[in-house]
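Trainee: Return atomic coordinates for the entry below.
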Amino acid sequence: IVNGGIDVDVDVAAPAASTADAIRAHLRPAIAGSCALLAYFHHDDLYVACTGDSRAVIGRRKADGLWEPIDLSVDQTVKNPAEYSRLLDEHPAESDSVVVKGRVLGGLMPTRAFGDARYKWPSQLSQILLPNVTNRNPPKNYLTPPYVTATPVVTHYKITPSRDLFLVLATDGLYDELSSQEVVTVVSGFLQHHGVAAAPSVDWGPNPLVDHKAVFAFTKDSNAATCLIRNALGGANEDKMKKLLGIPPPYSRRFRDDITAKVIFFDHNTDNSVGAVGLNKEPLVTQATNVIEGLPPVDVNLASAKQHRLQSWASYFKKMDGSGSSGGSGLFGKSKL
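Mentor: As a prediction, this is how the structure comes out:
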């Protein structure tokens, strides 16, 4: 996956793109960027793979009844000491330029991402391809790429029955507005208001919502993820939420990021590893049948050989730039930043 093709749906046996527009269409997905967050739950073992600054958080109820968050991933930005050190170790002669204003080369926030080829392609190829595809040049001080990797950080966590009750997977847009503790507080409040999460006889202990009733909204949504997003955008302040949602793109990005959130509830009251308790006692997940435990092995040798076409596409644009017929700024013409 890390070193995969530009587009996994492209037939690698098909002829390579041979026109400027076709080449640009192939390259644009590689220039766009995306983070990824994956969780694999097997019995009481939870594995989380993170590339980027999305975050996985366990909602844990302690013995005293209070809720606490357990972060299963660490945001991969230069604010993360491990990521900052990794960048300096990989680019030792660029300590003054590899991180500028809290971003990779002064431009990119996450230090790991899929795509974002502007921070990965070899320098000579970038100087040719980027102006022809995006009308942009490589970042300043682009000396020893790649600066960003798609390699995930994988963590393992042992689920404690009766304590660990749910998992939240969400993009950075949610955590820009809510801390991990606030996320767990919102979901626990959602559960209490909907009578879910445990048997009626459970002693919830001190009410975690006492200080948040005027801020958060728990009763308007029947979906925990929707409840989280609502509270990230205003919560009990509906006027604020409506104003934020009413801002059209591209201006909305100045005030809120896009948000994707999933909430997974663990069921520790049955023998099934798939949860069976949901809102109003209805199933959250239907138990699958005739499923072979575990994932089947994959023989990567059966995959078609990758055809690296960047060099040939760069040569195409370089030739067109030299003849002045590319229709774009090109490497040898004037380029706009």
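Trainee: C-alpha from now on. contacts and neighbour counts both.
Mentor: OK.
Trainee: I'd like the distance from Y157 to M109, if you could.
Mentor: Distance from Y157 to M109, counting by C-alpha to C-alpha, to the nearest Å: 27 Å.
Trainee: what about these two, which has more around it?
Mentor: M109 (19 against 14; other C-alpha atoms under 10 Å).
Trainee: That one: what's it in contact with?
Mentor: By C-alpha atoms under 8 Å, 6 or more residues apart in numbering, M109 lies in contact with T77, V78, G102, R103.
Trainee: Turn these into a markdown table, including pLDDT, secondary structure and distance to A22.
Mentor: Below are these laid out as a markdown table (pLDDT from 0 to 100; DSSP: H, G, I helix; E, B strand; the rest coil; distance: C-alpha to C-alpha, whole Å):
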| residue | pLDDT | secondary structure | distance to A22 |
| --- | --- | --- | --- |
| T77 | 97 | strand | 34 |
| V78 | 96 | coil | 36 |
| G102 | 96 | coil | 36 |
| R103 | 97 | strand | 32 |
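Trainee: my read is S222 is in a strand, agree?
Mentor: No. According to DSSP: H, G, I helix; E, B strand; the rest coil, the state of S222 is coil, so it is not within a strand.
Trainee: mind listing the helices in this protein by residue range?
Mentor: Using DSSP state H, the helices found in the chain span residues 20-31, 81-90, 123-133, 172-175, 180-194, 224-232, 238-245, 310-323.
Trainee: what's the closest of those helices to L66?
Mentor: helix 180-194 (9.6 Å; C-alpha to C-alpha).
Trainee: Strands of the chain, start to end?
Mentor: Along the chain, counting by DSSP state E, strands occupy 33-34, 36-42, 45-51, 55-61, 67-71, 99-100, 103-104, 114-115, 153-158, 164-170, 261-265.
Trainee: Let's have the ones you listed in a markdown table, adding distance to F317.
Mentor: Below are the strands of the chain laid out as a markdown table (distance: least, C-alpha to C-alpha, whole Å):
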| stretch | distance to F317 |
| --- | --- |
| strand 33-34 | 23 |
| strand 36-42 | 32 |
| strand 45-51 | 32 |
| strand 55-61 | 40 |
| strand 67-71 | 46 |
| strand 99-100 | 31 |
| strand 103-104 | 28 |
| strand 114-115 | 21 |
| strand 153-158 | 36 |
| strand 164-170 | 40 |
| strand 261-265 | 41 |
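Trainee: now the stretch 151-300 of the chain, which segments are flagged as low pLDDT?
Mentor: 195-214, 268-300 (pLDDT under 70).
Trainee: one more time with 80
Mentor: Within the stretch 151-300 of the chain, the segments meeting pLDDT under 80 span 194-214, 252-253, 267-300.
Trainee: residue contacts, E83?
Mentor: Q76, T77, T111.
Trainee: just those now: which is nearest F255?
Mentor: T77 (20.4 Å).
Trainee: tally of neighbours for the closest one?
Mentor: The local packing of T77 (other C-alpha under 10 Å) involves 20 other residues.
Trainee: just checking, it touches G107?
Mentor: No. Using C-alpha atoms under 8 Å as the test, T77 is too far from G107 to be in contact (11.8 Å).
Trainee: now the contacts of E83 in CSV, with distance to S180?
Mentor: Below are the contacts of E83 laid out as CSV (distance: C-alpha to C-alpha, whole Å):
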residue, distance to S180
Q76, 16
T77, 17
T111, 21
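Trainee: and stretch 175-194, C-alpha only, in PDB?
Mentor: C-alpha atoms of stretch 175-194 as PDB (Å, rounded to 0.1, in the frame of the first residue of the first chain):
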ATOM      1  CA  TYR A 175     -10.300  16.900  17.700                       C
ATOM      2  CA  ASP A 176      -9.800  20.500  16.600                       C
ATOM      3  CA  GLU A 177     -13.000  21.300  18.600                       C
ATOM      4  CA  LEU A 178     -13.100  18.600  21.300                       C
ATOM      5  CA  SER A 179     -10.400  17.100  23.400                       C
ATOM      6  CA  SER A 180     -10.200  13.300  23.900                       C
ATOM      7  CA  GLN A 181     -11.800  13.800  27.300                       C
ATOM      8  CA  GLU A 182     -14.600  15.800  25.900                       C
ATOM      9  CA  VAL A 183     -15.200  13.200  23.200                       C
ATOM     10  CA  VAL A 184     -15.600  10.500  25.800                       C
ATOM     11  CA  THR A 185     -17.800  12.700  28.000                       C
ATOM     12  CA  VAL A 186     -20.100  13.400  25.000                       C
ATOM     13  CA  VAL A 187     -20.400   9.700  24.200                       C
ATOM     14  CA  SER A 188     -20.900   8.700  27.800                       C
ATOM     15  CA  GLY A 189     -23.600  11.400  28.100                       C
ATOM     16  CA  PHE A 190     -25.200  10.100  24.900                       C
ATOM     17  CA  LEU A 191     -25.300   6.600  26.400                       C
ATOM     18  CA  GLN A 192     -26.800   7.700  29.700                       C
ATOM     19  CA  HIS A 193     -29.500   9.800  28.000                       C
ATOM     20  CA  HIS A 194     -30.400   6.900  25.800                       C
END
